[in-house]
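K.L.:
please work out how this folds:
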Amino acid sequence: MNENEIRERFYPTRRQSVPGAREFAEWAVSDWGFAHRRDDVLLCVSELATNALLHGVPPGRGFLLRVALCDGAVLRVEVQDSGGGIPRVADGGADMADEGGRGLLLVEALADKWGVGERDPGKSVWCEFVCPGPGAGPGAGPGVSPADNGPE
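P.N.:
Have a look, this model is predicted:
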């Protein structure tokens with residue numbers, strides 16, 4: 001990766017954190033001109049943020065959402081939490097009534113790549129979306145500096 005723009009925000013353990021994370025990601029996606037993948041990105045942000053709140057954030061802690069534009073062509077969404085465990089995709093069997101893993105099925109279907117990385121403490125769950133570079137259409141390409149952290 002040669003040139004990256006990164007925007008990140010920390011969210012506390014509150015139900016309002018998921019819509020806040022979506023709004024933050026929507027701002028970054030729109031500002032960078034990659035609206036054609038907007039719905040996919042926002043659904044994945046919702047799933048990863050919800051998973052962090054339900055399964056990865058110990059009481060009194062929160063999660064970090066990082067959205068990065070890598071080389072003007074890959075949009076990376078990363079949710080970091082300090083909880084243990086390794087997220088896994090549900091096996092898709094007949095009994096999908098049990099909670100767990102269905103959100104990652106959506107992430108797997110919508111994102112071009114996804115994975116889990118280790119942190120100390122915790123983990124980072126990420127997904128990537130390949131996007132056309134600048135000049136691919138109206139508003140395409142990066143737009144502001146990484147120091148601009150978006151709406152409050």
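K.L.:
show me what residue 12 is bridged to.
P.N.:
Beta-bridge pairing for residue 12 (DSSP bridges): residue 62.
K.L.:
now residue 51: closest residue in space, sequence neighbours ignored.
P.N.:
Nearest non-adjacent residue to residue 51, counting by C-beta to C-beta, 6 or more residues apart in numbering: residue 103, 5.7 Å away. Where you see a C-beta, it was placed from the backbone N, CA and C, and this is true even at glycine.
K.L.:
what distance separates the lowest-mean-pLDDT helix or strand in the chain from the centre of its chain?
P.N.:
Lowest mean confidence among the helices and strands of the chain (mean pLDDT, DSSP states H and E): helix 102-110, at a mean of 92. Mean-position distance between helix 102-110 and its chain equals 12 Å (C-alpha atoms, centre = their mean, to the nearest Å).
K.L.:
burial of residue 72, as a residue count?
P.N.:
22 (other C-beta atoms under 10 Å).
K.L.:
which SS class is it?
P.N.:
Secondary structure, DSSP: H, G, I helix; E, B strand; the rest coil: residue 72 is coil.
K.L.:
and the residue nearest the centre of the chain, helix, strand or coil?
P.N.:
Residue closest to the mean C-alpha point of the chain, counted by C-alpha atoms, centre = their mean, is residue 77 at 3.2 Å. Assigned by three-state DSSP, the conformation of residue 77 is strand.
K.L.:
hang on, residue 9 in a helix?
P.N.:
No - assessed by three-state DSSP, residue 9 does not belong to a helix; its assignment is strand.
K.L.:
strands along the protein, start to end?
P.N.:
With DSSP state E as the criterion, the chain has strands at 4-12, 62-70, 74-81, 113-118, 123-130.
K.L.:
quick one on the thing from earlier: I'd guessed the residue nearest to the centre of the chain sits against residue 40; true?
P.N.:
No - contact criterion C-beta atoms under 8 Å: residue 77 and residue 40 do not qualify, at 10.1 Å.
K.L.:
common neighbours of these two, please.
P.N.:
Common contacts of residue 77 and residue 40, defined by C-beta atoms under 8 Å, 6 or more residues apart in numbering, comprise 111, 129.
K.L.:
count the residues that sit near the closest residue to residue 25 other than its chain neighbours.
P.N.:
Closest residue to residue 25 apart from its sequence neighbours, by C-beta to C-beta, 6+ apart: residue 45 at 4.4 Å. Residues near residue 45, counting by other C-beta under 10 Å, number 25.
K.L.:
perfect, I'm done here.
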